[in-house]
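>>> fold the following and give me the result.
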Amino acid sequence: MKKITMALLASMIAFSAATQANEVMPERDPINRILPTATPDPAQFKSAMAAGTGSIEGMVTTRYRIKGGVAPSGIIYFGGSKERDPVKAQPVHLVPHNAYTQAWLDLYMKQGGTKEVRGAPVRTVAAMDPSVLPFRRTMTTNSTGDFAFANVQPGRYVVYAEPEWKWEGDLKGRGAHSGITVGYATITRVDFAYRIVDVPPGRGAVNGDIVSEKIIYEKRVETD
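Numbers count the residues shown, from 1 in each chain. Below is the predicted model:
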């Protein structure tokens, strides 16, 4: 096995940080990742993620929500769904909840997401420092959106994902225009979903269901 020199290790970390700073979401639109101002303690992450006897089990779900607007025909439309759909083949991440991850969550919920500045889309999303990523655990949901983390020690954790969903269908009018099809929309969206979970001592499973909390990215195409 080849030895990893300090110069090579530094270049690998720099590449990881650069990759994280400019990722590509669906439809190949760029998204900018920014780091919290807080400084993480990798040793704290390593200790918190040591093997234990508990487990976290949950499901990732999304629900499409179409904001009210005005179709080209001039009719106001609204849409949405009360049902949540499971997300299959979705990476789900587990990190310890501490001062740094709380600062990351605060930044994510405050700054991250789709914004409009002078008509141009700006997508800025919080990222974690590359130094703690080796201690993050990741699982992938099955065909029904379920996931599970085994061998978790007692403590507080953050379970999170960036689920993607696509929706297309008719846009319906409202009020006097109820039931009238006023247009058609195709939507691709990526949400941010998380849950803070407390794992007690023992071997029991803790609920880790996560649902979408914030829109990171949305691209919609509407036609009459």
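>>> got any ranges where this structure has weak pLDDT?
Applying pLDDT under 70 to the chain picks out residues 1-29, 64-83, 112, 116-120, 172-178, 182, 224.
>>> max-length strand in this structure?
If you go by DSSP state E, the chain has its longest strand at strand 181-199.
>>> which parts of the next helix or strand after it are buried?
Following strand 181-199 in sequence order, the next helix or strand is strand 205-207 (DSSP states H and E). Buried positions in strand 205-207, judged by neighbour count with 16 or more other Cβ atoms under 10 Å: Val206. (Each C-beta comes from the backbone N, C-alpha and C, glycine too.)
>>> give me the helices and strands touching strand 205-207, please.
Counting contacts by 3 or more Cβ pairs under 8 Å, 6 or more residues apart in numbering; DSSP states H and E, strand 205-207 packs against strand 51-62, strand 181-199.
>>> before we move on, back to that, the longest strand of the chain to strand 51-62, inter-axis angle?
Here strand 181-199 runs at an angle of 170 degrees relative to strand 51-62 (axes from the mean of the first three to the mean of the last three Cα atoms, to 10 degrees).
>>> paired strands for strand 181-199, with orientation please.
Looking at strand 181-199 with DSSP bridges, its partner strands are strand 155-161 (antiparallel), strand 164-172 (antiparallel), strand 210-223 (antiparallel).
>>> distance of Ala48 from Asp170?
Using Cβ to Cβ, to the nearest Å, one obtains 48 Å as the distance from Ala48 to Asp170.
>>> tell me which of the two has more neighbours.
Ala48 (20 against 12; other Cβ atoms under 10 Å).
>>> distance of the residue most central in space within the chain from Val87?
Residue closest to the mean C-alpha point of the chain, counted by Cα atoms, centre = their mean, is Glu162 at 2.2 Å. Using Cβ to Cβ, one gets 10 Å for the distance from Glu162 to Val87.
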